[in-house]
Structure formats: C-alpha cells, structure tokens
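J.: give me a model of this one.
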Amino acid sequence: MVYSKAGRDRSRMFIIVGMVNDDFVLLADGELRKIENPKVKNIKHIHYTNMTADKVLEHLSRGEMPGNHVIRKNLKVLLEARETKGKEVW
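T.: Residues are numbered from 1 along each chain as shown. As a prediction, this is how the structure comes out:
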C-alpha cells in the first residue's frame, strides 16, 4: 500500500498493481482508479508503507487481475488495521 505525495490525488491510498519501468508504477484504488485503468505514477511521488494487500498480491501472483471490489476491501482492511493499532505504522 502506498500514499500519493503529489498531484490531485495527494494523500490518497493506492495499491501498486504493476510496474512500467524503474521509475513508474501502476496504481489502483478500486474506486476512482479502477484496475482496468490504473494510474501511472512516478515513484518519487509516492510514499511506501510497510502494509501489504495480501488478497491483491495472491491474485497478481497467480497472473489474475484482481477485481475492484478486492482492492477496495483490502484498502479498507488495511486502513482499519492502522486505526486499531492506535499509532501510525509507516
């Protein structure tokens, strides 16, 4: 899971769903940026967290495209986990 540091989507949570090259990644959140049309973002403009969207990773490792509902659910679970710990995890 990453946060956008720059642009109109600043402070928005995303999941990395692909790599374009060494400088750019493909991001989706399942809501504004669907898996069918991921956002191309410079890695300098994202903040990495130590949280992993396990269900999305399972789909991608099998070569499948995760559904937008899977991405939204994983982001929600990760956000709730962060809030219940009572401290920031990144």
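J.: quick check: buried residues in the strand or helix carrying residue 79?
T.: Using DSSP states H and E, residue 79 falls within helix 68-85. Within helix 68-85, the residues scored as buried using 16 or more other CB atoms under 10 Å are 68, 70-71, 73-75, 78, 82. Yep, even glycine has a C-beta here, placed from its N, CA and C like the rest.
J.: for that helix, packing partners?
T.: strand 13-19, helix 54-61 (3 or more CB pairs under 8 Å, 6 or more residues apart in numbering; DSSP states H and E).
J.: spatially central residue in this structure, please.
T.: residue 15 (1.1 Å; CA atoms, centre = their mean).
J.: could you measure from that one over to residue 83?
T.: Between residue 15 and residue 83 the computed distance is 18 Å (CB to CB, to the nearest Å).
J.: just residue 56 next, same as before
T.: Distance, residue 56 to residue 83, using CB to CB: 20 Å.
J.: swap in residue 73?
T.: Distance of residue 73 to residue 83, given as CB to CB: 16 Å.
J.: and what of residue 39?
T.: Between residue 39 and residue 83 the computed distance is 25 Å (CB to CB).
J.: over to residue 18?
T.: Residue 18 is 28 Å from residue 83, by CB to CB.
J.: same check, this time on residue 3
T.: Counting by CB to CB, the separation of residue 3 from residue 83 is 15 Å.
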